[in-house]
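J.: what shape does this take:
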Amino acid sequence: MCLAVPGKVIEIFGDDPLLRTARVSFAGVIKKVSLTCAPEANLGDYVLVHVGVAISVVDQKEAEQTYEYLRQMGELDGLEPAGTEGEGLAAP
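T.: Residues are numbered from 1 along each chain as shown. Presented below is the predicted three-dimensional model:
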């Protein structure tokens, strides 16, 4: 099954819409992500990420609800570092 996971944009690199990348926080786990498919993403926005590519911008409430569903399904087990509340989405 393919899954897109929400994360918070914490740093953006580049100006060219085809080459922009970002550091995105997934409850404190930081990953480098391409913004090619979501050129409208800005610092502090929440984006849905699939295989390293932000595919859309979502609001914070939607991102938090998606994380809650993933927690309930056990899809986040072992992925959330301790003590990361306030970085992106809150850890359980």
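J.: and residue 4, how far from residue 28?
T.: Remark: distance between residue 4 and residue 28 (Cβ to Cβ, to the nearest Å) = 19 Å. Every C-beta, even on glycine, is put in place using the N, C-alpha and C of the backbone.
J.: again with residue 12
T.: Applying Cβ to Cβ to residue 12 and residue 28 gives a distance of 19 Å.
J.: how about residue 64?
T.: From residue 64 to residue 28 the distance is 14 Å (Cβ to Cβ).
J.: those two: which is more packed in?
T.: The neighbour count for residue 64 versus residue 28, taken as other Cβ atoms under 10 Å, is higher for residue 28 (18 against 14).
J.: need the helices for this structure, in chain order.
T.: 60-73 (DSSP state H).
J.: I'd say residue 50 and residue 4 touch.
T.: Yes: in this structure, residue 50 is within contact of residue 4 by Cβ atoms under 8 Å, at 4.1 Å.
J.: quick one: mean pLDDT over stretch 15-25.
T.: For stretch 15-25, mean pLDDT is 94.
J.: residues contacting stretch 39-46, please?
T.: With contact meaning Cβ atoms under 8 Å, 6 or more residues apart in numbering, stretch 39-46 is reached by 6-12, 17, 20, 22, 35, 47, 54, 57-60, 62-63.
J.: for the chain, just list every one of the strands.
T.: Ranges of strands within the chain are 5-13, 21-26, 29-34, 46-50, 53-58, based on DSSP state E.
J.: let's have the ones you listed in TSV, adding mean neighbour count.
T.: Shown next, in TSV, are these (neighbours: other Cβ atoms under 10 Å):
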stretch	mean neighbour count
strand 5-13	19
strand 21-26	21
strand 29-34	16
strand 46-50	22
strand 53-58	19
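J.: and the worst-scoring helix or strand of the chain on mean pLDDT, what does it pack against?
T.: Ranked by mean pLDDT, DSSP states H and E, the weakest helix or strand in the chain is helix 60-73, scoring a mean of 89. Applying 3 or more Cβ pairs under 8 Å, 6 or more residues apart in numbering; DSSP states H and E, one finds that helix 60-73 contacts strand 5-13, strand 46-50.
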